[in-house]
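[1] What shape does this take:
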Amino acid sequence: MVGEWRRLCAEGLVRSGVRLDALTTYKLGGTARWFAEVGDYAHLSALADAGAGAGDVLVLGKGSNVIVSDEGYGGLVIRLVGDFLSIRHPDERVEAGGGVGLPRLARSAVGEGRLGLEFMVGIPGTVGGGVYQNAGCHGTEMVDVLEEVEVFDLHTGELTIVDPDTLCLRYRSSAVEPHHVITRSWFRFTPGEPAEGLEKIRAITRWRRIHQPGGTLNAGSVFKNPPGDAAGRLIDALGLKGMRIGDVSVSDKHANFFVAGADATAEDVRRLVTEVRVRVRAETGIELEPEVRFVGFSSEVAPA
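    Predicted structure coming up:
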């Protein structure tokens with residue numbers, strides 16, 4: 001298999017030793033052993049033919065919900081570019097490539113008088129990542145507006161279009177497998193005036209500016225909210241705002257955001273997440289589940 005990757009490197013379809021820190025919102029992490037910027041289906045097919053589906057695969061969007069270890073990632077990292085960054089507005093739906101940023105999609109839809117996707121302006125990820133985790137905010141999730149999803153299977157090389165029920169979208173989770181690449185999605189909308197949608201986008205943006213630590217290095221919400229409660233409230237109630245390990249701290253503005261300083265490491269993040277999780281469990285009996293994904297780590301995050 002290594003020989004296949006080297007052949008793809010020689011053909012310019014794959015690179016090795018690409019740094020991932022610049023591709024995540026924490027600006028942390030080591031290198032990817034193999035890295036491919038994929039802009040069309042032929043490139044995906046070449047990866048499938050080389051056996052990509054049999055190894056470790058990470059499809060990386062904006063890197064806004066991912067912590068890459070300081071040692072890096074030993075598998076293949078795929079980043080969607082090219083046609084997978086396109087947005088189209090057919091008559092009855094909004095169509096977006098898997099690599100499209102969700103805030104961009106929200107603004108594009110509003111500009112066409114297609115309302116209902118405004119919540120996406122508050123999610124700093126991509127369409128593919130949003131579907132993968134059923135991302136949501138302000139009372140709306142991807143499953144609420146999603147009609148169909150195009151999925152490329154790196155195991156089989158097959159391209160299929162499925163409905164959301166097939167993906168079992170739940171709170172911040174889905175049945176999407178690592179070897180599945182979400183290449184395109186279609187969304188329903190409500191016709192309306194662009195000004196109405198734009199005002200909602202402005203309101204969401206204002207709310208985020210007031211309540212979340214914008215302008216800092218973070219990965220958004222660290223933990224999923226437990227049923228009937230909020231992770232940030234639990235952490236705050238234990239007086240953990242400002243808690244620091246290395247150069248990573250619990251935000252003073254929102255306790256479910258952990259902020260990295262200039263000297264932070266990915267291991268600092270892992271240790272702080274672990275410590276907060278342990279303390280919440282010890283004091284409340286509640287097991288907080290990380291919403292962020294830890295990639296390339298050999299150590300567990302607060303094993304139960």
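[2] Just the CA trace of stretch 183-199, in PDB.
    Taking Å, rounded to 0.1, in the frame of the first residue of the first chain, the C-alpha atoms of stretch 183-199 are listed here in PDB:
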ATOM      1  CA  THR A 183     -19.100  15.200  -1.800                       C
ATOM      2  CA  ARG A 184     -22.400  17.200  -2.100                       C
ATOM      3  CA  SER A 185     -25.600  17.900  -0.300                       C
ATOM      4  CA  TRP A 186     -29.000  19.400  -1.100                       C
ATOM      5  CA  PHE A 187     -31.100  21.500   1.200                       C
ATOM      6  CA  ARG A 188     -34.700  22.600   1.400                       C
ATOM      7  CA  PHE A 189     -35.500  26.300   1.900                       C
ATOM      8  CA  THR A 190     -38.400  28.700   2.500                       C
ATOM      9  CA  PRO A 191     -38.800  31.500  -0.100                       C
ATOM     10  CA  GLY A 192     -38.500  34.900   1.400                       C
ATOM     11  CA  GLU A 193     -37.000  38.400   1.300                       C
ATOM     12  CA  PRO A 194     -33.200  38.600   1.500                       C
ATOM     13  CA  ALA A 195     -33.500  41.400   4.000                       C
ATOM     14  CA  GLU A 196     -35.300  39.100   6.400                       C
ATOM     15  CA  GLY A 197     -32.600  36.500   6.200                       C
ATOM     16  CA  LEU A 198     -29.800  39.000   6.400                       C
ATOM     17  CA  GLU A 199     -31.200  40.400   9.700                       C
END
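[3] ok, residues contacting that stretch?
    Residues outside stretch 183-199 that contact it (C-beta atoms under 8 Å, 6 or more residues apart in numbering): 41, 44, 80, 84, 93-98, 109-118, 127-128, 131, 145-152, 159. Placement of C-beta: from N, CA and C, glycine included.
[4] Next, count neighbours for the residue nearest to residue 52 when sequence neighbours are not counted.
    Counting by C-beta to C-beta, 6 or more residues apart in numbering, residue 52 lies nearest to residue 154, which is 4.6 Å off, once chain neighbours are set aside. When neighbours are counted by other C-beta atoms under 10 Å, residue 154 registers 26.
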